[in-house]
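Chemist: next come a sequence and a model predicted from it.
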Amino acid sequence: MMHGGSLDVRVVALDARLEPQWDAFVCDQEAGTFYHLSGWRHVFARAFGHDCPYLVALAGDRVVGVLPLVHLKTPLFGNRLVSNAFLVYGGPVAIDHRVRAALTGAAVERAEALGVSHLEYRSLVPGEEGSDWQVESARYATFFKDLHDTDEANLKAIPRKQRAEVRKGIKAGLTSEVAGDVDLLHHFLALSFRNLGTPAFSKRYLRTILDVFGDAAEVLTIQAPTGPVGAVLSFHFRDQVLPYYSGTQVEARAQGVNDFLYWEVMRRAVARGARRFDFGRSKVDTGPYKFKKYWGFEPVPLHYEYRLVRATEVPDASPMNPKYRLAIAAWKRLPLPVSKRLGPLLSWQLG
């Protein structure tokens, strides 16, 4: 227990009874994100079998801080404790630095007890964890933009070249439809991941996300006159829309399908009240990073914070790491049906 003035705080493991309070706290805090919601622990446990020791700080019966954690113990990538695994944001959300310190102290104790290589926070704002932590702020960036109330204003706000691509898609007869078509989403996601040299997730994972988050998770498919050419899974949180997993048919990119897809996400989100577009994480200076800049979004650095436990150096599991280059090149050459079968055997380990 931590004592601070009149505030006595204890850190406990999250249970089902506290989940409504956890989520209400996340929604109420500026630092809270969709990726801090308690539902993710059910997603990762059900889809991948990972243990998720989510920590909650209580003052009396009141939630004053939360820290989602996923324990990844896998054959390929070892033993890690990550906040938040498979997602772009994480780390503690707390009412003040004392509560944050209590959560971090409990997380370090858990990491040491589990014998992990390291504890990792994926933070929008770097914390003040101390000299025992190392921070990497140059590898990843995220992208945000406020939205206008009308389609006309939002379309005009897109830089001219990308706006022309959106209009190209409209002229080509592309349309969008909201539907929970997991098979179609998985197909285009597997295609996109294969082309990037990355194992795709299972349909079970995607279905579990939709089941756990309900109306807050939405599958949008893109149709051409000849048939489906793309799909995207987006999340809705407060006044934000967050397109997260997407894929398109390579042959349809000449019709502007990528730009049309994100325009439709934006247009439909504004109609349901969204006023902020979160374009998500990209590795600095990669194709997706540049694409988001072409849309007029400015990069915001993400701060990956590491507390080494058994490791002696900060890990680098990035696809940009030269030691993964041959594996990535080989994966890109796989036939799509083969990559669909093999992907789920590997992707649950990535985190």
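Modeler: Structure received.
Chemist: surely residue 274 meets residue 148?
Modeler: No - contact status for residue 274 versus residue 148: not in contact, 11.0 Å apart, counting by Cβ atoms under 8 Å. (Glycine included, C-beta is placed from N, CA and C.)
Chemist: host element of residue 106?
Modeler: helix 97-114 (DSSP states H and E).
Chemist: for that helix, buried residues please.
Modeler: Neighbour-count burial for helix 97-114 flags 98-104, 106-108, 110-111, 114 (criterion: 16 or more other Cβ atoms under 10 Å).
Chemist: helix/strand/coil for the spatially closest residue to residue 225 that is not a sequence neighbour?
Modeler: Spatial nearest neighbour of residue 225, chain neighbours left out: residue 173 (4.8 Å); criterion: Cβ to Cβ, 6 or more residues apart in numbering. Judged by DSSP: H, G, I helix; E, B strand; the rest coil, the three-state class of residue 173 is coil.
Chemist: more neighbours: residue 274 and residue 148, which one.
Modeler: Shown here are residue 274 and residue 148; by other Cβ atoms under 10 Å, residue 274 has more neighbours (21 against 13).
Chemist: what pLDDT does the model give the residue nearest the centre of the chain?
Modeler: Nearest to the geometric centre of the chain sits residue 87, at 3.2 Å (Cα atoms, centre = their mean). Note for residue 87: predicted pLDDT of 97.
Chemist: now do the contacts for the residue lying closest to it once chain neighbours are set aside.
Modeler: Nearest residue to residue 87, sequence neighbours excluded (Cβ to Cβ, 6+ apart): residue 35, at 4.0 Å. Shown in contact with residue 35 (Cβ atoms under 8 Å, 6 or more residues apart in numbering): 68, 84, 87-90.
Chemist: from those residues, which two are the most distant?
Modeler: Across these, no pair lies farther apart than 68 and 88, at 12.7 Å, counting by Cβ to Cβ.
Chemist: CA atoms of whichever strand in the chain runs longest as CSV?
Modeler: Ranked by number of residues, the top strand in the chain under DSSP state E is strand 227-237. This file holds the C-alpha atoms of strand 227-237, laid out as CSV (Å, rounded to 0.1, in the frame of the first residue of the first chain):
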residue,chain,number,x,y,z
GLY,A,227,-16.5,-7.4,-56.5
PRO,A,228,-14.8,-6.7,-53.1
VAL,A,229,-11.4,-5.0,-53.1
GLY,A,230,-10.7,-4.1,-49.5
ALA,A,231,-11.7,-4.2,-45.9
VAL,A,232,-10.8,-2.4,-42.6
LEU,A,233,-11.5,-3.0,-38.9
SER,A,234,-11.9,0.3,-37.1
PHE,A,235,-12.5,1.1,-33.4
HIS,A,236,-14.7,3.9,-32.0
PHE,A,237,-13.8,5.5,-28.7
